[in-house]
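Asker: what's the 3D shape of this:
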Amino acid sequence: MARQYETEDGVRIAPLSDLRDFEVAEGYPDIRGWRVDSADGREVGKVHDLLIDIDNMRTRYLDVRLTKELAASPEDRDVLVPIGTAQIVDDGNRVRVPLSAERVGLLPMYDHERLTRADELEVRRHFSLGEVAVAGAAGAAGAAGAASRSFYDDEGYNDRRFFGARREARAEARADARAEADRADVKREAQRAEREARTERDAAERERERERAEHDRVEREIRASDGEVRVPIHRDESVVLRRGDDGQDEIIIRRPVRDEGDRPRP
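Answerer: Alright, predicted model coming up:
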């Protein structure tokens with residue numbers, strides 16, 4: 001049976017690993033197993049689990065399993081970190097908490113069998129959240145009643161504050177990637193259009209060169225030498241010499257006229 005804690009104000013809290021029908025929301029990283037660093041840069045443990053507010057579908061605590069050195073115990077020692085006080089480190093699968101390693105070692109041990117409001121108030125005291133001053137002045141019992149009305153309204157329990165920066169960074173990275181891909185597509189399209197235009201220009205130039213070559217060939221055939229002019233004709237063409245009255249003679253090359261039926265259809 002899944003472990004489940006019910007606070008004095010009726011909020012149900014349970015470890016994510018015990019909730020078979022629950023999983024980390026799409027788009028958010030599953031940080032279980034990630035390294036946890038202190039504010040002074042020391043490794044203090046790993047994220048062992050997440051504590052979920054079942055009624056509001058929000059993550060409230062990181063269950064951090066301390067390193068053997070910091071736990072100072074032969075057995076595992078877990079502590080709770082309010083989700084909104086920690087942050088995801090961008091350069092790897094790491095989480096940073098806003099306490100020095102020494103202060104992390106002073107956090108109250110998390111008893112996996114129970115979670116009371118008094119336990120939570122003790123955790124809050126270490127992170128200077130909300131009603132700490134009230135708790136110090138009036139005692140945990142009196143403060144629990146005052147705090148229970150909006151206990152998790154403090155930003156220290158805002159999981160969007162924890163996951164949001166990473167999600168926004170990823171969204172920005174995806175937007176940058178899409179913009180880069182769009183620019184690459186535009187560049188490829190411009191290159192393709194340039195290649196096609198160059199191909200058309202090359203084809204047009206080749207056609208002009210062919211026409212020039214053909215013209216030169218005809219010129220060479222017509223003007224083979226200075227002493228004579230030769231004009232090539234086809235077998236179905238005829239040559240007629242017409243003498244002009246003014247002494248200007250002409251050589252006429254007649255091509256056969258095709259019938260209508262022989263003409264290519266449009």
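
Asker: in what helix or strand does residue 64 lie?
Answerer: Assigning secondary structure by DSSP states H and E places residue 64 in strand 58-66.

Asker: With residue 48 instead?
Answerer: Residue 48 is part of strand 43-53, with elements assigned from DSSP H and E.

Asker: Counting by contacts, list what that strand packs against.
Answerer: Judged by 3 or more C-beta pairs under 8 Å, 6 or more residues apart in numbering; DSSP states H and E, the packing partners of strand 43-53 are strand 12-15, strand 35-37, strand 58-66, strand 78-82, helix 101-104. Backbone N, C-alpha and C define where each C-beta goes, glycine included.

Asker: Mind doing that once more with 10 Å?
Answerer: In terms of contacts (3 or more C-beta pairs under 10 Å, 6 or more residues apart in numbering; DSSP states H and E), strand 43-53 is packed against strand 12-15, strand 35-37, strand 58-66, helix 68-71, strand 78-82, strand 94-96, helix 101-104, helix 159-222.

Asker: Looking at these, which is nearest to residue 29?
Answerer: helix 159-222 (6.5 Å; C-beta to C-beta).

Asker: Give me the helices and strands touching the closest one, please.
Answerer: Against helix 159-222 (3+ C-beta pairs under 10 Å, 6+ apart) you get strand 43-53, strand 58-66, strand 78-82, strand 87-89.

Asker: what about it, distance to the chain center?
Answerer: Counting by C-alpha atoms, centre = their mean, to the nearest Å, helix 159-222 is centred 24 Å from the centre of its parent chain.

Asker: buried ones in the helix or strand that comes right after that helix?
Answerer: Remark: after helix 159-222, the chain's next helix or strand is strand 238-242, criterion DSSP H and E. For strand 238-242, a neighbour-count test (16 or more other C-beta atoms under 10 Å) marks nothing as buried.

Asker: strands paired with the strand holding residue 48, and their directions?
Answerer: strand 12-15 (antiparallel), strand 35-37 (antiparallel), strand 58-66 (antiparallel) (DSSP bridges).

Asker: Please list all residues in contact with the closest residue to residue 77 other than its chain neighbours.
Answerer: Counting by C-beta to C-beta, 6 or more residues apart in numbering, residue 77 lies nearest to residue 71, which is 3.8 Å off, once chain neighbours are set aside. Residue 71 is in contact with 44-45, 65, 77-79, 105, 109, counting by C-beta atoms under 10 Å, 6 or more residues apart in numbering.

Asker: Which among those residues count as buried?
Answerer: Buried, going by 16+ other C-beta under 10 Å: 44-45, 65, 77-79, 105, out of the contacts of residue 71.

Asker: Next, format the residues you listed as TSV and append distance to residue 201 and pLDDT.
Answerer: Formatted as TSV, those follow (distance: C-beta to C-beta, whole Å; pLDDT from 0 to 100):
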residue	distance to residue 201	pLDDT
44	68	97
45	68	97
65	70	97
77	76	95
78	73	97
79	73	97
105	75	94
